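# curious how this folds, go ahead:
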Amino acid sequence: MNKIIIDNNINYALDKKIDYEYIDGFIKKIKIKVTKDTTLQINCKYKDDTKFDIQIDLDDNVKLKLIEVKKYVNSKIQFKYNLGNNAQIDIIKVNDVKNINEKNIVNLNGENARIDLVLKTVSNDIEKYDILVNHNAKNTISNIITNGLNVKGNIYFTVSAYVPKGMKNCVCDQQNRIINLIDNECIIKPNLLIEDVDSTANHSALIGNFTDDEIFYIQRLGIDKNTALKLLIEGFIKNSIPLKLAQKFKKYWR
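As a prediction, this is how the structure comes out:
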């Protein structure tokens, strides 16, 4: 698997399917161009207060599976994804961080371009995520899932999709949920800006703790309430992501 590690230094191991450029400065910039089907993992372990701008471009007919793992991050990060005709990107974001402000801009520039994005995060401080998908071509698809577990911080999700008039047969789907284990403020702002009548858009936004019915159902199996809560946390985290990535959060249900 291709890999980029963002630590005090930036290290990478990439094959010829990916073109890479790094520009140092007040805002650290990484430019990635994907020319053939491949996989990529980006690990962010940066502890200092800094800013990153990461741009990922997909050529026509290219498929990319992208895994982003962030730990100990205390920074502002902007991701920009640009997709050509028939390009597809499958993104899994796994975050166990502090005080992050992350913006994601997705430009579906070619017909039949598609993005599937899953974000899993556990908050111990202030976390803000802004995801914007621009359907700039016909027959484009976006499936966005954001899941946050608030342990002792705040989580803010803003998830938006824009379909201009004339961009026919687009599909926008959002599923947003925050499990708030405490009473701290958490907010979800789902926005669907659809100007084309031939496109389809759906969203859900749920904030709250696990319900009494969910806990009671597990207790009926002879499991105590504390263990039931841990099982619900484990299931919430593991849903929609590979088991190996979910294990990075196991301290929250052990």
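# what is the spatially most central residue of the chain paired to in the beta sheet?
Averaging the C-alpha coordinates of the chain gives a centre point, and the residue nearest to it by C-alpha atoms, centre = their mean is L119 (3.2 Å). On DSSP bridges, the residues paired with L119 through beta bridges are K93, T146.
# now do the same for it: its pLDDT.
Here, the pLDDT recorded for L119 equals 97.
# now K47
According to the model's per-residue confidence, K47 sits at a pLDDT of 69.
# go on, C172?
The predicted local confidence for C172 comes out at a pLDDT of 98.
# which secondary structure elements does the strand or helix carrying it sit against?
Using DSSP states H and E, C172 maps to strand 171-180. Secondary-structure packing of strand 171-180 (3 or more C-beta pairs under 8 Å, 6 or more residues apart in numbering; DSSP states H and E): strand 141-150, strand 154-163, strand 186-194, strand 200-208. Heads up, the C-betas are built off the backbone N, CA and C, glycines and all.
# rerun at 10 Å
For strand 171-180, the contact count by 3 or more C-beta pairs under 10 Å, 6 or more residues apart in numbering; DSSP states H and E identifies strand 114-123, strand 126-135, strand 141-150, strand 154-163, strand 186-194, strand 200-208, helix 225-238 as packing neighbours.
# from the middle of its chain, how far away would that strand be?
Between the mean C-alpha location of strand 171-180 and the chain-wide mean there is a distance of 11 Å, by C-alpha atoms, centre = their mean, to the nearest Å.
# how close does F216 sit to W253?
19 Å (C-beta to C-beta, to the nearest Å).
# who has more neighbours out of those two?
For F216 versus W253, neighbours defined as other C-beta atoms under 10 Å are more numerous around W253 (18 against 11).
# right, and the more buried one touches L181 too?
No. With contacts defined as C-beta atoms under 10 Å, W253 does not count as touching L181, sitting 11.9 Å away.
# what sits in contact with each of those two?
A shared contact of W253 and L181, defined by C-beta atoms under 10 Å, 6 or more residues apart in numbering, is any residue touching both; here these are 149, 229, 233.
# got a list of what the first one touches?
With contacts defined as C-beta under 10 Å, 6+ apart, L149 is in contact with 96, 120-123, 155, 177-181, 233, 236-237, 249, 252-253.
# the last one too?
The contact partners of I233, by C-beta under 10 Å, 6+ apart, come to 122, 149, 151, 179, 181, 210, 249, 252-253.
# against E102, how distant is the residue of the chain positioned farthest from its centre?
Here the chain reaches farthest from its C-alpha mean at G222, the gap being 35.8 Å by C-alpha atoms, centre = their mean. Counting by C-beta to C-beta, the gap from G222 to E102 is 41 Å.
# shaky segments in this protein?
47, 73 (pLDDT under 70).
# what's the domain layout of it?
Split into domains by automatic domain parsing, the chain comes to 2-209, 211-254.
# of those, flag the one that's most buried.
With neighbours defined as mean count of other C-beta atoms under 10 Å, the domains of the chain peak in mean count at domain 2-209, which reaches a mean of 18.
# just checking, L229 touches F210?
Yes. In this structure, L229 sits in contact with F210. The criterion is C-beta under 10 Å, and the distance is 6.8 Å.
# common neighbours of these two, please.
With C-beta under 10 Å, 6+ apart, L229 and F210 have common neighbours 181, 218.
# what residues are up against I241?
I241 is in contact with 67, 92-94, 118-120, 145, 147, 248-249, counting by C-beta under 10 Å, 6+ apart.
# among these, list the two that are farthest apart in space.
Pairwise distances across the contacts of I241 peak at 17.4 Å for I145 and K248 (criterion: C-beta to C-beta).
# and the end-to-end length of stretch 76-96?
Distances were taken as C-alpha to C-alpha, to the nearest Å; on that basis the terminal residues of stretch 76-96 are 15 Å apart.
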